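**Q** requesting a structural model of the entry that follows:
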Amino acid sequence: MLLRNDESPRFNRTHPFSSTGTNGNRTALRLMPTPHACPREGLRNETPDQCVLRRGDYSIRLADSPERSSEVSALVKRMYSWRGYNTEQTAVSPPNQTTLEAFSGEDLVGTLSLRLDSEHGLLADELYEEKISTFRAKDRKVCELSKLAIDPQFSSKELLASLFNLAYICGRIIHRATDFFIEVNPRHTGYYKRMLGFHQLGGEARNCQRVNAPAVLLHLELDYVDAQVSSLAGSREPRERSLYPYFLPEHEEKKVAKRIKHINKTTAFDFAALYG
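**A** Have a look, this model is predicted:
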């Protein structure tokens, strides 16, 4: 289930995550084109080749070890508990899941997970298998977003957009997914519809046992995201009621996709050994 930590977000343009420099000019984002482009001192316990995006004052990398997954789980637990939700602690991410982690300096401040469909299904199948399976029956390649958590002290459009953008790159460009699904608290549906173009499937809320809270299922067709990226990405227009102006332009998304593929190929950690 996805949780928004700020139910009524008011993004501050002078927030430390803003990409506006001290001279008033916006600083350029920095992709990670080579294994040594990310300075070690910026990320705790990081090998330099795991950073996939540096933007303004934050960096985003892949959680690729039990230690990293444990820290991500701790952030999720802290943010969800703050809203009175239960959480499930997991030692590591399953093999069909990509977990993103965002840092400000040495502090882990945000995370989002992308889970690919598999023989084990998606987390959302527990409540909404009949709805998701209608897409599978049409040979759609489905996946889900889950475990979004951002420390409210560091919340910004740029950070949230970057996490969703990287999930889109992993799902769409790398794995050729066609549809995203998310479970969210009914209070937060308006934000996802307005800022990302999700649509609700079915009107009823159901109780999500994983967090012991009501949830509804939202759906996003990735053809729609393709079109938004083509028309809005890179404009960084703050007046747009959308996160897509903060996405990377298409040519930069392809560079990031190549970077992620390189990391996945060279990561030494063996998930299969943990799952038998």
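
**Q** please count neighbours and contacts with C-alpha atoms only from this point.
**A** Will do.

**Q** and the helices in the stretch 1-150 of the chain?
**A** Assigned by DSSP state H, counting those that start in this stretch, the stretch 1-150 of the chain shows helices spanning 66-82, 125-136.

**Q** tell me the contacts of the closest residue to residue 118 other than its chain neighbours?
**A** Spatial nearest neighbour of residue 118, chain neighbours left out: residue 96 (7.3 Å); criterion: Cα to Cα, 6 or more residues apart in numbering. Going by Cα atoms under 8 Å, 6 or more residues apart in numbering, residue 96 touches 115, 116, 117, 118.

**Q** the first one bridge partners, please.
**A** The bridge-partner assignment for residue 115, based on DSSP bridges, gives residue 97, residue 144.

**Q** and it, how many neighbours?
**A** For residue 115, the count of nearby residues is 24 (other Cα atoms under 10 Å).

**Q** ok, now how distant is it from residue 232?
**A** Separation of residue 115 from residue 232 (Cα to Cα, to the nearest Å) stands at 26 Å.

**Q** and for the second one?
**A** Remark: distance between residue 116 and residue 232 (Cα to Cα) = 26 Å.

**Q** between these two, which one's more packed in?
**A** Between residue 116 and residue 232, counted using other Cα under 10 Å, the more crowded position is residue 116 (22 against 19).

**Q** contacting residues around the nearest residue to that one once chain neighbours are set aside?
**A** Of all residues not flanking residue 116 in the chain, residue 143 sits nearest, at 4.6 Å (Cα to Cα, 6+ apart). Contacts here follow Cα under 8 Å, 6+ apart; on that basis residue 143 touches 114, 115, 116, 117, 122, 171, 177, 179, 180, 181.

**Q** then residue 246?
**A** Residues near residue 246 by Cα under 8 Å, 6+ apart: 157, 158, 161, 162, 233, 234, 235, 236, 237.

**Q** I'd like to know which of the residues you listed are buried.
**A** For these, a neighbour count by 16 or more other Cα atoms under 10 Å gives the buried set as 157, 158, 161, 162, 233, 234, 236.

**Q** of those residues, which is the nearest to residue 73?
**A** residue 162 (19.8 Å; Cα to Cα).

**Q** wait, residue 242 sits on residue 195?
**A** Yes: the pair residue 242 and residue 195 passes the contact test of Cα atoms under 8 Å, sitting 4.0 Å apart.

**Q** against residue 149, how distant is residue 226?
**A** Counting by Cα to Cα, the gap from residue 226 to residue 149 is 25 Å.

**Q** of those two, which one has the most company?
**A** Neighbour count, other Cα under 10 Å: between residue 226 and residue 149, residue 149 has more, with 26 against 14.

**Q** wait, isn't residue 263 in contact with residue 61?
**A** No: look at residue 263 against residue 61 with Cα under 8 Å: they stay out of range, at 9.9 Å.
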